[in-house]
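>>> the sequence and its predicted three-dimensional model are supplied below.
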Amino acid sequence: MNRLYTPSLLLLAFFLNFSFYAQDTQALLRSKEQRITELKNELESSRQIADSLRLLDIMERLERVGWPGDDGELVKHSAMALAYDEEHEMAKWVAHIILREVATGRTTRTNDFRVDPKVSTGTAEQEDYFITWVDDSGKRQYDGFGFDRGHLAASADFRWNQQALSESYFYSNMSPQRPGFNRESWAEVEDYVRSYAIENDVDLYVITGPVLSDDLPKIKRSPNKVSIPELHYKIAVDLENERSFAVLMPNKLCEKPVENYVVPIREIEELTGLNFFPNLDPQLAEKLETSTDYTPWLPKNQRGDVMMLSANDLEKGQYNTLQAYNFMDSNKKVKICGTVVSTFKSQKGNIFINLDKRFPNTVFTVSIWARDTGNFSYNPEVELENRRICTKGNVTSRDGIPQMNVSNEKQITFLDGEGL
């Protein structure tokens with residue numbers, strides 16, 4: 001006999017069945033959510049352990065290379081070490097490592113400037129750079145002494161770790177830097193080095209410092225008599241690829257490209273009396289300390305650029321593109337020499353030739369106006385590509401960059417032994 005179900009019984013069966021499966025689904029969901037929470041906690045714990053191991057590894061690697069000198073008080077922090085000079089109230093040098101993890105770091109500026117508790121004699125402090133007070137109306141006032149608190153080891157180099165980044169704001173890691181230098185020239189150097197680490201996926205050993213001497217002036221209103229460095233240096237070494245990069249820059253707005261301040265590390269050692277790689281293999285140290293080849297360190301958008309010609313390789317009366325700055329608007333005819341890295345012919349027929357560095361990082365431009373192109377037996381924008389040339393004429397300035405107008409082919413000579 002067939003069993004008959006009334007509509008009410010069918011409805012009851014549906015809800016009982018739905019309730020059973022709903023409870024089962026909710027239990028499964030709660031279980032998965034709990035597992036997700038557990039995995040997140042495990043991941044965060046693993047990250048913290050990994051960061052702690054990285055910090056230990058950084059200090060071990062710094063010590064393997066060796067400390068640049070034994071003068072000053074050696075102070076070790078989580079991710080940087082320094083030698084503090086009490087006489088000048090700043091570090092003689094600061095050593096740290098830019099890890100490849102900086103590419104994915106998301107920690108932002110902490111701005112927690114403070115005295116370094118590890119320096120036994122005390123460090124500079126806020127009042128050495130500026131003072132603040134609250135006026136009668138309750139408004140906070142500021143009185144600066146004309147200098148920024150400039151980082152030696154850049155804070156952004158530590159953005160992969162909150163503790164390391166915060167420690168970069170100790171006053172032991174600061175030096176008085178003129179605003180144009182700190183905010184533009186020095187910031188460009190810091191970006192230059194950090195970009196290399198990111199683009200090449202490598203760790204970099206970095207040493208930074210002021211050039212200190214007994215005759216340096218002091219910040220006049222500084223309670224601790226902080227010295228004002230005239231020069232700063234930054235040294236970066238890629239030990240994996242055995243490459244080095246070093247700059248020595250005056251403490252002011254530097255209008256020339258970073259590469260114009262590149263020097264061999266040996267020159268900085270002689271200037272400071274420091275030995276930056278005491279524990280490295282002598283042959284490797286020699287290679288690193290004498291190199292001035294900055295081309296591997298160029299950002300990707302400048303990889304078509306070349307090193308400027310060495311002034312020592314040029315004949316009397318010939319000057320490279322760096323020396324061209326010395327003749328801007330001097331009304332003196334000189335020969336400026338370099339390698340043609342790019343050319344451009346406008347719709348109006350004007351030709352622009354860049355030596356050594358491409359637009360927009362131009363260091364020297366040769367202009368041939370359309371009205372003068374008939375004075376050439378060849379097409380300059382085509383035939384001059386990749387040639388090493390000298391151009392003779394007056395060096396003028398355009399937006400602070402040296403340039404020269406050339407009106408005929410006699411003003412151009414070739415350094416590679418072949419004419420046109």
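Great, that's in hand. Residues are numbered from 1 along each chain as shown.

>>> quick one: the strands in the stretch 201-350 of the chain?
204-210, 231-238, 243-250, 318-320, 333-345 (DSSP state E, counting those that start in this stretch).

>>> next helix or strand past the least confident helix or strand in the chain by mean pLDDT?
Every helix and strand in the chain was compared by mean pLDDT, DSSP states H and E; the lowest is helix 7-65, with a mean of 76. Following helix 7-65 in sequence order, the next helix or strand is strand 73-76 (DSSP states H and E).

>>> tell me the buried residues in that next one?
Counting neighbours by 16 or more other C-beta atoms under 10 Å, one finds that the buried residues in strand 73-76 are 73, 75. (C-beta placed from N, C-alpha, C; glycine too.)

>>> sheet partners, orientation included, of it?
Applying DSSP bridges, strand 73-76 is found paired with strand 80-85 (antiparallel).

>>> report the mean confidence score over the partner strand.
Mean pLDDT, strand 80-85: 98.

>>> CA atoms of that strand as CSV?
The C-alpha trace of strand 80-85 is given here as CSV (Å, rounded to 0.1, in the frame of the first residue of the first chain):
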residue,chain,number,x,y,z
MET,A,80,73.0,48.9,12.5
ALA,A,81,76.3,49.6,14.3
LEU,A,82,78.1,52.9,14.7
ALA,A,83,81.2,54.6,16.3
TYR,A,84,80.1,57.7,18.2
ASP,A,85,82.4,60.7,18.4
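
>>> what's the angle from that strand to strand 204-210?
Relative orientation of strand 80-85 and strand 204-210, computed by axes from the mean of the first three to the mean of the last three C-alpha atoms, to 10 degrees: 20 degrees.

>>> ok, then the element right after strand 80-85?
Downstream of strand 80-85, the first helix or strand assigned by DSSP H and E is strand 90-98.

>>> what comes into contact with the helix or strand that comes right after that following strand?
Sequence-wise, the next helix or strand downstream of strand 90-98 (DSSP H and E) is strand 130-134. With C-beta atoms under 8 Å, 6 or more residues apart in numbering as the test, strand 130-134 has contacts from 140, 141, 142, 143, 144, 145.

>>> pLDDT on strand 130-134, on average?
On average, strand 130-134 scores 93.

>>> alpha carbons of the helix or strand just after it, as CSV, please.
Beyond strand 130-134 in the direction of the C-terminus, DSSP H and E gives the next helix or strand as strand 140-144. Output in CSV follows, covering the C-alpha atoms of strand 140-144 (Å, rounded to 0.1, in the frame of the first residue of the first chain):
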residue,chain,number,x,y,z
ARG,A,140,53.0,75.9,19.5
GLN,A,141,55.9,78.0,18.1
TYR,A,142,59.0,76.7,16.3
ASP,A,143,62.5,78.2,16.1
GLY,A,144,65.0,76.3,13.9
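
>>> what is the mean pLDDT for strand 140-144?
93.

>>> who's in contact with residue 247?
With C-beta under 8 Å, 6+ apart, residue 247 has these contacts: 189, 233, 234, 258, 261, 262, 263.

>>> including pLDDT, distance to residue 168 and neighbour count, could these go into CSV?
Converted to CSV, these look like this (pLDDT from 0 to 100; distance: C-beta to C-beta, whole Å; neighbours: other C-beta atoms under 10 Å):
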residue, pLDDT, distance to residue 168, neighbour count
189, 96, 16, 22
233, 98, 18, 27
234, 98, 14, 24
258, 90, 22, 20
261, 94, 23, 20
262, 95, 25, 18
263, 96, 25, 15
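
>>> restricted to helices, list those residues.
residue 189 (DSSP state H).

>>> can I get the contacts of residue 247 in a markdown table with distance to residue 88?
As requested, the contacts of residue 247 are exported to a markdown table (distance: C-beta to C-beta, whole Å):
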| residue | distance to residue 88 |
| --- | --- |
| 189 | 21 |
| 233 | 15 |
| 234 | 18 |
| 258 | 26 |
| 261 | 22 |
| 262 | 26 |
| 263 | 22 |
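
>>> residue contacts, residue 68?
Applying C-beta under 8 Å, 6+ apart, the residues near residue 68 are 83, 92, 93, 95, 207, 274, 275, 276, 278.

>>> just name the most buried of the strands of the stretch 201-350 of the chain.
Between the strands of the stretch 201-350 of the chain, strand 204-210 has the highest mean count of neighbours, a mean of 26, where neighbours are mean count of other C-beta atoms under 10 Å.

>>> which ones are touching the nearest residue to residue 297 once chain neighbours are set aside?
In this structure, residue 297 finds its nearest non-sequential neighbour in residue 245, 4.7 Å apart by C-beta to C-beta, 6 or more residues apart in numbering. Shown in contact with residue 245 (C-beta under 8 Å, 6+ apart): 193, 196, 235, 236, 237, 262, 294, 297.

>>> next: residue 407.
368, 369, 372, 375.

>>> give me the subset of those residues lying in strands.
Mapping the contacts of residue 407 onto strands (DSSP state E) picks out residue 368.

>>> for the contacts of residue 247, which one is nearest residue 333?
residue 261 (27.8 Å; C-beta to C-beta).

>>> the closest one and residue 301, how far apart?
Distance of residue 261 to residue 301, computed by C-beta to C-beta, to the nearest Å: 20 Å.

>>> again with residue 164
29 Å.

>>> more neighbours, those two?
residue 164 (25 against 11; other C-beta atoms under 10 Å).

>>> report the spatially nearest residue to residue 218, omitting neighbours in sequence.
In space, residue 218 is closest to residue 225, 4.7 Å off (C-beta to C-beta, 6+ apart).

>>> and for the one you found, the neighbour number?
13.

>>> cool, and the one 4 residues further on?
Counted with other C-beta under 10 Å, the neighbours of residue 229 add up to 22.

>>> residue 250 versus that one, what's the distance?
9 Å.

>>> now do residue 115
Applying C-beta to C-beta to residue 115 and residue 250 gives a distance of 28 Å.

>>> over to residue 291?
22 Å.

>>> please apply the same query to residue 101.
33 Å.

>>> got the strands of the stretch 201-350 of the chain as TSV, with distance to residue 402 columns?
Listed next are the strands of the stretch 201-350 of the chain as TSV, based on distance: least, C-beta to C-beta, whole Å:
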stretch	distance to residue 402
strand 204-210	30
strand 231-238	24
strand 243-250	19
strand 318-320	10
strand 333-345	7
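
>>> right, so of these, which gets closest to residue 411?
Using C-beta to C-beta, those put strand 333-345 closest to residue 411, at 9.2 Å.

>>> hey, what's the closest residue to residue 288 other than its chain neighbours bridged with?
Excluding its sequence neighbours, the residue lying closest to residue 288 (C-beta to C-beta, 6+ apart) is residue 244, at 4.1 Å. Residue 244 has these beta-bridge partners by DSSP bridges: residue 237.
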